[in-house]
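Participant: The amino acid sequence is not available; the structure is as follows:
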């Protein structure tokens, strides 16, 4: 920055003008704000470090390699009480990702159907959807989570479990179902599935080209189903069924074996998807209404049926309006999943909280929480932005 | 100027920093802070019958609360000058470390890592406890060793969670942990039969059992799977304050041993024949002043809620809903392990 004496009369730089000139004054203010902010952050950091040292607390992430000594009920990867804090956090992160992905899929399906149904000509249907939307989005999601959990824990007790052929067991400790046990030879069945999927992809490409050229349609749905599901099933039976099922078995306290979905997961999933689904349905409704009426009239004039009009004309155009707010809803759902702690679903925040308490590393655990949610959100919005760009209107 | 608010906040913060002070966190002189605030900030449970609960007027009472009142009486001469902060198993330690409370009296187990790693000082043991299991009699089992495959409700962020994992691992049994945030929620989950048994300190189980309408259909299993010495704690590094907290507890125990009660302490405070009592109650010497308190500190403590035995019987003893026996918590001369160093 230029330095100068207080007054230079030969029309050069004047200190006084720094203040009277609007532009330089704005710069000075901004510099002051930045400086103040920097000092403020420096103060907070140094204050925290000083207080931590005074309290004699060690900092750093070394604690992540120490054994956790507590158990977790829902584990997507191998975990015992002898595993490390770091591994416990990964188990929590996977549980967060599990419930968020389940929630996003269900909320999207629910939201799209509800959005379309609300615009339906059918009076009862549209009113029912209106009632659903207004009821769920106007009640705090935490209450809804607790509501669903309370309902699920009032299901029949273990001794009165509802059973479907001994394979599916429903009680207030969740839904238990047979889990597949892979035996040698199952690799071929899986291989058949891959082959079926690739074949479907190729046939779909060919069918599209043929339709573009000749206008003839092809029953793609049926062919795809046969290839993707039929082929592996046939291979499965040819190889003599190399897949066994681990069936639930009644023990003294609980059922054992098979695969159990806890009421905590179900309650959280229901609550998050119905809550977010209501918001998404409003986005979808807005998107559809934003498409000019002339588009559907033109489609009808060309002889397209209503569901074809919706699928091929309206929705693709509506997506441009729907996607940006949809991204926010996905992010909200992921962040709201941290309310899991209210009902004891062991997600990242719940397990992190336990670790915080057992190790006393509060700042580190909070930093990990923030880092993980930030990364998840950025990844998701990065993907959605890419998708949005891809479907955006190409202006010529 | 729209930046004014941010700017001024930043400038104020910067000024504080430049002035060389740090704010918040652990103050070195808690005793002076409490005296100048005229109020003791005491961390207690969010609600546990017997230990910290509300009476019909909404005042906090209980075994843990009584210690807060005794400490306030010692420091401020008035047991009512307490601000209670209700804390869960999870947020109690950050609250103490950050200085939100001056002392934590919330059925907290004294362990190595809490004493050493977390930077706290336990000032003594006010209740010798151990972890047990509460289950329905209809389960038809007699021992916790038959719990293979059970679902177990636990409060998160407690030593219970760790003992539970150790117990099942040591006995080569499987279980489904159902972690819950507060005692109240855990109780609800147990009542709804979301879990087969509820585990926490045996005193807590007795307390929880009293709240069931069908208390007779539930039993506490005989196994005690851990040592849980419960006691008050303060931040490490303030020895003067730790001394005040420690000797307040010791006064309560010594008072029982010497037969000093809420009713007779005023009379006993007049110089009598027993030099031990005279020293403690301040009619001889100046022990209270050496601690930075008034010389009648012990009289104030005992006046607040009586001696250890009176407090125990009032909130936990035979005539309460909990109906706990003194057991290990009897004085050493009565067959227990309660033993306080002498006040001299």
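Facilitator: Structure received. Note that this is a predicted model, so its numbers are computed, not measured. Numbering: from 1, shown residues only, chains lettered A, B, ... in the order given.
Participant: Around chain A, which positions in the stretch 101-250 of chain B sit nearby?
Facilitator: B:113, B:117-119, B:139, B:146-151, B:156-158, B:161-162, B:164-166, B:168-169, B:175-181, B:185, B:189, B:192-194, B:196, B:235-237 (Cβ under 8 Å from any Cβ of the partner chain). Where C-beta positions appear, they are placed from N, C-alpha and C, glycine not excepted.
Participant: do that again at 6 Å, thanks
Facilitator: Contact residues (Cβ under 6 Å from any Cβ of the partner chain) of the stretch 101-250 of chain B with chain A: B:117-119, B:149-150, B:156-157, B:161-162, B:165, B:176-180, B:192-194, B:196, B:236.
Participant: Could you list the domains of chain A?
Facilitator: Domains of chain A are assigned by automatic domain parsing as A:19-54, A:85-140+A:264-391, A:179-246.
Participant: tell me the most buried of the ones you listed?
Facilitator: domain A:85-140+A:264-391 (a mean of 18; mean count of other Cβ atoms under 10 Å in any protein chain shown).
Participant: And that one, how far out from the chain middle?
Facilitator: 7 Å (Cα atoms, centre = their mean, to the nearest Å).
Participant: what about that domain and chain B, any contact?
Facilitator: Yes - residues of domain A:85-140+A:264-391 contacting chain B under Cβ under 6 Å from any Cβ: A:344, A:353-354, A:357, A:360, A:362.
Participant: averaged over its residues, what pLDDT does that domain have?
Facilitator: Mean pLDDT, computed over domain A:85-140+A:264-391, is 92.
Participant: How about stretch A:224-241?
Facilitator: pLDDT averaged over stretch A:224-241 gives 83.
Participant: now do stretch B:245-263
Facilitator: Mean predicted lDDT for stretch B:245-263 stands at 95.
Participant: could you pull out the strands for the stretch 151-300 of chain B?
Facilitator: Assigned strands in the stretch 151-300 of chain B, in chain order: B:175-180, B:197-201, B:218-220, B:228-230, B:233-235 (criterion: DSSP state E, counting those that start in this stretch).
Participant: Please identify which of the residues of domain A:85-140+A:264-391 next to chain B is nearest to residue A:30.
Facilitator: residue A:362 (34.9 Å; Cβ to Cβ).
Participant: Can you tell me the SS state at the residue nearest to residue B:253 when sequence neighbours are not counted?
Facilitator: Excluding the flanking residues, the one nearest residue B:253 by Cβ to Cβ, 6 or more residues apart in numbering or on different chains is residue B:340, at 3.8 Å. Per DSSP: H, G, I helix; E, B strand; the rest coil, the local secondary structure of residue B:340 is coil.
Participant: how about residue B:340, what does it touch?
Facilitator: B:250, B:253-254 (Cβ atoms under 6 Å, 6 or more residues apart in numbering or on different chains).
Participant: Tell me the confidence at residue B:311?
Facilitator: 96.
Participant: What strand or helix carries it?
Facilitator: helix B:308-315 (DSSP states H and E).
Participant: where's residue A:42 relative to chain B, distance?
Facilitator: The gap separating residue A:42 from chain B is 7 Å, by Cβ to the nearest Cβ, to the nearest Å.
Participant: just checking, what packs against the helix or strand hosting that residue?
Facilitator: Taking DSSP H and E as the definition, residue A:42 sits inside helix A:22-54. If you count contacts as 3 or more Cβ pairs under 6 Å, 6 or more residues apart in numbering or on different chains; DSSP states H and E, helix A:22-54 packs onto helix B:4-18.
Participant: quick one: is the helix or strand following the helix it packs on near chain A?
Facilitator: Toward the C-terminus, helix B:4-18 is succeeded by helix B:30-37 as the next helix or strand (DSSP H and E). No - figure legend: helix B:30-37 not in contact with chain A (Cβ under 6 Å from any Cβ); closest approach 12.7 Å.
Participant: Can you give the contact residues for helix B:30-37?
Facilitator: By Cβ under 6 Å, 6+ apart, the list of residues contacting helix B:30-37 reads B:27, B:40, B:75, B:102, B:238, B:240-241, B:244, B:292.
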